[in-house]
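Undergrad: Got a predicted structure here, sequence first:
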Number of protein chains: 2
Amino acid sequence: MPSIEVEKLSVRERYHLLVSTVIPRPIAWVSSLNHAGQTNLAPFSFFNAIAANPMSVCFAPVNDRNGKPKDTLLNIKETGQFVVNIASEDNAEKMNATAETYPYGVSEFEKVGLTPVPSLKVKAPRVKESPVQMECELLQIVTLSEGPLGGNLIIGKVVVFHADEKIWNNGDIRHQDLKAVGRMAGNWYSRTRDAFELIRPK
Amino acid sequence: MPSIEVEKLSVRERYHLLVSTVIPRPIAWVSSLNHAGQTNLAPFSFFNAIAANPMSVCFAPVNDRNGKPKDTLLNIKETGQFVVNIASEDNAEKMNATAETYPYGVSEFEKVGLTPVPSLKVKAPRVKESPVQMECELLQIVTLSEGPLGGNLIIGKVVVFHADEKIWNNGDIRHQDLKAVGRMAGNWYSRTRDAFELIRPK
């Protein structure tokens, strides 16, 4: 069994090990606004829930190879608000298209052909084409390092939860019908239809 | 489209919305030691990578309905070390069995029939039956709330990475062969075999 001391690996090698091992990853498709009111939309798969009290989620925009932070991080630092939209089979191609690097201030909504919908409690718009949208207020940002591929963990509190009627079941989500997609390594994604049940012990 | 103000929901309702929406979730099967050297092993699906620099992961042990913290959180606060083992189709039933609540100090390794293997740089043992094991040192714990179902985010730095020969490919992991399982809502899990490719734009 290969055993590797991480300090001997390049940052790039560490990244490849993480994205091929921590799978399947849920996808936060995050919409945000900058100080000038320009929208941004980008997918992040270093994403998960934290707790129900407060109802909280976190995601990590990784700096690029030159140490440049993502527009999403800059926007949230400026405005303290964002929306997590859920990526599903129906919107996966458009979600992937929003991963393209555009100049700061250029809106992925416009470039990719998606519909911004006003939120109720935050200024950032929601993505109409997404079956679940969570309006979030920033709780804190944990910066692990400033450099190339450095880590920033954005922790947000969900303040408004929107769900499409088709997957809504009297206060709950029919997770089998959400058709969420998970992120694997490279260009790969996994569907969530190939499911099985294990009864949780008490 | 139902739009819900989260402050009007019970903590239980918020939890159900999170686990049915943030899917599929990767699973950290975490082994830890308490001050007396007793082992603990438990699965957590509020888990993801953060960054490659430092090579970091986070997971969130949620307090129980009475506000009692998980043994894993207590152990990591005491020792500052843990191992993230990856759950796959081959070990999913045993992984699920370790979710059972045992008295503090009782080892899930023994109860469920798993093999602890010594780690290289941390005192907590690895799970032999897991195809990937990441030895971690605690970087920080972010406590969002102390109460029932309250959130604690444990952030760790990966210091040693172990991988089974079968999935190891010259410095990388063959993610298709890892057969990792993702967590859905309720008692449901999803496999990662039903995959598709989307070429990421530049």
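TA: Sure, I can see it.

Undergrad: packing partners for the lowest-mean-pLDDT helix or strand in chain A?
TA: Within chain A, no helix or strand scores below helix A:175-178, which has a mean of 91 by mean pLDDT, DSSP states H and E. For helix A:175-178, the packing partners by 3 or more CB pairs under 8 Å, 6 or more residues apart in numbering or on different chains; DSSP states H and E come out as helix B:11-21. No exception for glycine: its C-beta is placed from N, CA and C like everyone else's.

Undergrad: Can you pull up the most central residue in chain A?
TA: For chain A, residue A:28 is the residue whose C-alpha lies nearest the centre (CA atoms, centre = their mean; 2.0 Å).

Undergrad: my guess is that one contacts residue A:84, does it?
TA: Yes: between residue A:28 and residue A:84 there is a contact under CB atoms under 8 Å: 4.6 Å.

Undergrad: any common contacting residues for the two?
TA: Contact criterion CB atoms under 8 Å, 6 or more residues apart in numbering or on different chains; residues shared by residue A:28 and residue A:84: A:47, A:57, A:59.

Undergrad: Residue A:12: neighbouring residues, count only.
TA: Neighbour count for residue A:12, taken as other CB atoms under 10 Å in any protein chain shown: 12.

Undergrad: Touching, it and residue B:55? I think so.
TA: No: using CB under 8 Å, residue A:12 is not in contact with residue B:55; the gap is 11.2 Å.

Undergrad: Which residues are in contact with the residue nearest to the residue nearest to the centre of chain A when sequence neighbours are not counted?
TA: Nearest residue to residue A:28 in three dimensions, chain neighbours excluded: residue A:47, at 3.8 Å (CB to CB, 6 or more residues apart in numbering or on different chains). Applying CB under 8 Å, 6+ apart to residue A:47 gives the contacts A:25-28, A:57-60, A:84, B:22, B:48.

Undergrad: and if we set it to 7 Å?
TA: A:25-28, A:59, B:48 (CB atoms under 7 Å, 6 or more residues apart in numbering or on different chains).

Undergrad: Sketch out the strands for chain A, chain order is fine.
TA: A:3-5, A:28-33, A:39-44, A:47-52, A:55-59, A:81-86, A:116-117, A:126-127, A:132-143, A:152-163, A:182-183, A:188-190, A:195-197 (DSSP state E).

Undergrad: Could you tell me the angle between the fourth one and strand B:55-59?
TA: Here strand A:47-52 points in a direction 40 degrees away from that of strand B:55-59 (axes from the mean of the first three to the mean of the last three CA atoms, to 10 degrees).

Undergrad: Please name the strands paired to strand A:47-52 in the sheet, noting orientation.
TA: Strand pairing for strand A:47-52, determined by DSSP bridges: strand A:55-59 (antiparallel).

Undergrad: and the strand it pairs with, which residues are buried?
TA: For strand A:55-59, the neighbour count (16 or more other CB atoms under 10 Å in any protein chain shown) marks A:55-59 as buried.

Undergrad: Kindly report the same for stretch A:61-75.
TA: A:61-63, A:69-75.

Undergrad: who touches that stretch?
TA: Stretch A:61-75 is contacted from outside by A:30, A:32-34, A:40, A:42, A:44, A:46, A:104, A:146-152, A:154, B:51, using CB under 7 Å, 6+ apart.

Undergrad: residue contacts, residue A:193?
TA: Contact analysis of residue A:193 by CB under 7 Å, 6+ apart lists residue B:194.
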